[in-house]
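**Student:** Sequence plus the predicted model coming up.
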Amino acid sequence: MSENIEIPIREKNIVLIGFMGVGKTTIGKLVAQKLYRDFIDVDEEIEKIYKIPITQIFKELGEKEFRKFEKEFIVNTCSQTKLKVISLGGGAFLHEEVRNVCLSRCIVIYLDLSWESWKERLPLIIDSRPVLQNKTLEEIEEIFFKRREAYALHNSKICTNDLPPETVADSIVESIKMAWDLYQPHRE
């Protein structure tokens, strides 16, 4: 599904990618509010469908089954909707089909965070992230840097180190509006 669909830039979904705990949901909600769009958090939507938390889905069905459903959900959402802000789970963008549909049909924004800044957030997020559980700090660091390779494929990147979510959201909205004006100016 790598065909490039001609969707007007102003109608494209905005997809936020980045490592778990970087702030995709918090920032995504703010961006959606500022652009008058609906917000979709893929993990929250999957939890609603299964009626259990992601950690429990991992335990009961396994990561492979979760990733399969996650991929199908993202591909369908990005193919069938417009004018949304979508937050992907940290591992979703590793799947080639997800990357292809997002890059061909959406504006993909990578929320980057340094390893040092991210490590400070670890105690706040580890219990809700099944991929991190029972891992050493070295193993988590390996996952962090390995995923960066996939995240390198994006339309725009913003470093979120020490920035409040509101500032990051404002920066994203400003760059989106600039892209809209450059690539699809309003006709008077």
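**Tutor:** Nice, I can see it. Predicted, not measured: the structure shown is a model, and the values here were computed from it. Numbering: from 1, shown residues only.
**Student:** Now do the buried residues in the worst-scoring helix or strand of the chain on mean pLDDT.
**Tutor:** Lowest by mean pLDDT, DSSP states H and E among the helices and strands of the chain is helix 115-125, with a mean of 87. The neighbour-count check on helix 115-125 (16 or more other Cβ atoms under 10 Å) flags W118 as buried. Yep, even glycine has a C-beta here, placed from its N, CA and C like the rest.
**Student:** In the protein, spot the strand with the most residues.
**Tutor:** Counting by DSSP state E, the longest strand found in the chain is strand 106-112.
**Student:** what's next to that strand, contact-wise?
**Tutor:** If you take Cβ atoms under 8 Å, 6 or more residues apart in numbering as the criterion, strand 106-112 is touched by 9, 12-18, 22-24, 27, 78, 86, 102, 151-160, 168, 172, 176, 179.
**Student:** Among these, which lie within helices?
**Tutor:** Under the assignment DSSP state H, the contacts of strand 106-112 contribute 24, 27, 78, 102, 151, 168, 172, 176, 179 to helices.
**Student:** Isn't the third one up against C102?
**Tutor:** Yes - in this structure C78 lies within contact range of C102 using Cβ atoms under 8 Å: 5.8 Å.
**Student:** Residues that sit against both of these two, list them.
**Tutor:** V15.
**Student:** And the helix or strand where D170 lies, how far out from the chain middle?
**Tutor:** According to DSSP states H and E, D170 maps onto helix 165-183. The chain centre lies 16 Å from the centre of helix 165-183; the measure is Cα atoms, centre = their mean, to the nearest Å.
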